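>>> turn this into a structure:
(one chain, ligands or ions: 2)
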Amino acid sequence: MRLSRAFLPTLKETPADAQIASHRLMLRAGMVRQTSAGIYAWLPLGWRVLRRVEQIVREEQDAAGAQEILMPTVQTADLWRQSGRYDAYGPEMLRFKDRHDRDMLYGPTNEEMVTEIFRGYARSYRDLPRNLYHIQWKFRDEVRPRFGVMRGREFLMKDAYSFDLDREGAQASYRRMFVAYLRTFARMGLKAIPMRAATGPIGGNLSHEFVVLADTGESQVFLHRDLLDFDVLREAPDYEGDLSSAVEFWTGRYAATDEEHDEAAWAAIPEERRVSARGIEVGHIFYFGTKYSISMDLKVPGPDGALVAPEMGSYGIGVSRLVGALIEANHDEAGIRWPDAVAPFAAAVLNLKQGDGACDALCDRLHAALAPDCLYDDRAERAGVKFADADLMGHPWQAIVGPRGAAAGRVELKRRATGERQEVSPEDAVARIRESRSA
Ligand code: ATP
Ligand code: MG
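Numbering: from 1, shown residues only. Ligands and ions are numbered 1, 2, ... in the order given. Model (predicted):
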């Protein structure tokens, strides 16, 4: 994509109302635009990142055996009256009426709807286990929307729902999602720590929040340092076989949010292994048994013919919040430093002398070789402006082409994360960029 023709509006000034780095940088890099409190339009740069995050989430859900569907955003109140949550949910639910005066709502979550859908088709225990998920916009009328997309009112969530014949099966489903979450966040270059959590309005008895450590996080968390040292992608199992031992590693070491913190257990950890930090909740998984299957009247004949209510769990990931969390974890004074897997473009090509024959030709070549995963800064701007914008937008690589290098057929390749620079041939530059994107 040529920057001269792109809709990538960067800002020089720091927006006054943005309190944390990710919000400031998302506005300055032109990723999102607030359209009303807690509601954002995603501009091309932000949308590209959101789609990459979403795709990683999708791939791991699929690999774990969940199946993607798409449920609507608008729901009828009747569904929620069946579970009893229409009155229980409170003012965070956006409620309205249709033209026939029927009570409607914009979905804050989908337990009721998915249970009703599954009820329509499940005929016997042979239809179990199943796990259905979707990636869809949610609305929660938060009292204090803030920190940009981190606590929005409209936000993108992946929510999965598992149905099992018995408690043991439900716990196996829970473990698969647990491992899927570890892998999902690790693939994005994030360390997300599962923490025992309270179950809140979803109800139930087993729940973990996945928390990314960041100074600006809304929650206070406490954990054992072993959990930070663990290399998930190297050591987590794939989805075949028994996942108990993998999950035991994480649940066997102390990690808790403020609400669940246990001073005695904490004091038992050697002092140098204690980490107390701030964190951002990026995912939350629940096992809640038959709460919805019973209230929504979902029952199937079991192996002995007797009716059973499936055991259920639900599993959320804050897809749009993750974009903010990724920036909180990866930025510096100059701007964003995208991890390779989620960057909007694998690289930017910076032409330091637009109009110079050799520079233009070499940049065209690089751009063509890397398209469409490359942003070509072909503007008639000073080099300093191009450097600053590339650092701000955070492309993992910058391929810098000036007249001297172009005459010699060389490219300066800069790694955004480390600031390291190297002179290489155009072929090597392309190979290095492609290789880190696919790693
Ligand atoms: P929080 O405690 O942050 O309000 P929650 O516990 O109410 O979140 P869940 O119902 O567990 O949220 O939703 C699943 C995931 O959706 C959360 O882990 C979080 O990543 C994301 N999420 C929840 N509320 C918001 C929001 N207002 N804006 C952006 N993402 C959100
Ligand atoms: Mg939660």
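>>> can you list the residues of this protein near ligand 1?
Contact residues (CB under 6 Å from any ligand atom) of the chain with ligand 1: 109, 140, 142, 151-152, 155, 157, 281-284, 316, 318, 320-321. No exception for glycine: its C-beta is placed from N, CA and C like everyone else's.
>>> can you rerun that using 5 Å?
142, 151, 152, 155, 157, 281, 282, 284, 316, 318, 321 (CB under 5 Å from any ligand atom).
>>> surely the last one meets residue 155?
Yes - under the contact definition of CB atoms under 8 Å, residue 321 touches residue 155, with a separation of 6.4 Å.
>>> which one of the two has more residues nearby?
residue 321 (25 against 21; other CB atoms under 10 Å).
>>> mind checking how far the residue of the stretch 201-350 of the chain found nearest ligand 1 is from residue 255?
The nearest approach of the stretch 201-350 of the chain to ligand 1 comes at residue 318, 2.2 Å away (CB to the nearest ligand atom). Here the distance between residue 318 and residue 255 works out to 19 Å (CB to CB, to the nearest Å).
>>> ok, residue 276 next?
In terms of CB to CB, residue 276 sits 11 Å off from residue 255.
>>> repeat that for residue 25.
Look at residue 25 and residue 255: by CB to CB, they are 28 Å apart.
>>> show me what contacts the residue in the stretch 101-250 of the chain positioned nearest to ligand 1?
Ligand 1 sits closest to residue 155 of the stretch 101-250 of the chain, with a gap of 3.6 Å, by CB to the nearest ligand atom. Residue 155 is in contact with 137, 138, 140, 149, 318, 319, 320, 321, counting by CB atoms under 8 Å, 6 or more residues apart in numbering.
>>> cool, and residue 328?
The contact partners of residue 328, by CB under 8 Å, 6+ apart, come to 20, 21, 22, 212, 214, 215, 216, 217, 280.
>>> again, only using 10 Å
Neighbouring residues of residue 328 by CB atoms under 10 Å, 6 or more residues apart in numbering: 20-23, 25, 147, 150, 190, 212-217, 278, 280.
>>> and the strands in the stretch 101-250 of the chain?
Counting by DSSP state E, counting those that start in this stretch, the stretch 101-250 of the chain has strands at residues 103-106, 130-139, 154-164, 192-196, 206-213, 219-224.
>>> make a markdown table out of those and add mean pLDDT and distance to residue 50.
Shown next, in a markdown table, are these (pLDDT from 0 to 100; distance: least, CB to CB, whole Å):
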| stretch | mean pLDDT | distance to residue 50 |
| --- | --- | --- |
| strand 103-106 | 98 | 19 |
| strand 130-139 | 98 | 10 |
| strand 154-164 | 98 | 7 |
| strand 192-196 | 94 | 18 |
| strand 206-213 | 94 | 17 |
| strand 219-224 | 95 | 23 |
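>>> where helices are concerned, which of the residues of the chain next to ligand 1 count?
With helices taken from DSSP state H, the overlap with the residues of the chain next to ligand 1 comprises residue 321.
>>> go ahead and build a ChimeraX selection from the buried members of the residues of the chain next to ligand 1.
In ChimeraX, a selection of the buried entries from the residues of the chain next to ligand 1 looks like this (16 or more other CB atoms under 10 Å):
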select :151,152,155,157,281,282,284,316,318,321
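>>> quick revisit: and residue 276 and residue 255? which has more neighbours close in?
Comparing residue 276 with residue 255 by neighbour count (other CB under 10 Å), the higher total belongs to residue 255, at 23 against 10.
>>> wait, that one touches residue 273, no?
No - using CB atoms under 10 Å, residue 255 makes no contact with residue 273, being 11.9 Å away.
>>> find residues that contact each of those two.
Both residue 255 and residue 273 are contacted by 223, 224, 226, 227, 228, under the criterion CB under 10 Å, 6+ apart.
>>> ok, and the most crowded of the residues you listed?
Ranking these using other CB under 10 Å puts residue 223 first, with 25 neighbours.
>>> distance of that one relative to residue 260?
Taking CB to CB, one finds residue 223 at 12 Å from residue 260.
>>> overlap in contacts, those two.
residue 195.
>>> domain-wise, how is the chain divided?
21-335, 345-438 (automatic domain parsing).
>>> where in the stretch 1-150 of the chain is pLDDT low?
The stretch 1-150 of the chain contains no residues with pLDDT under 70.
>>> can you map out the helices along it?
21-28, 44-63, 77-83, 85-88, 111-119 (DSSP state H, counting those that start in this stretch).
>>> so which of those helices gets nearest residue 105?
helix 77-83 (6.1 Å; CB to CB).
>>> got the contact list for the closest one?
With contacts defined as CB under 10 Å, 6+ apart, helix 77-83 is touched by 85-89, 93, 95-97, 102-105, 107-108, 110-113, 115-116, 203, 291-292, 294-297.
>>> then stretch 86-93?
75-81, 83, 85, 95, 103, 105-109, 112, 139-143, 153, 201, 203.
>>> contacting residues around residue 285?
Taking CB under 10 Å, 6+ apart, one finds 160, 162, 173-175, 177-178, 180-181, 194, 197, 206-210, 313-317 in contact with residue 285.
>>> fine by me, we can end here.
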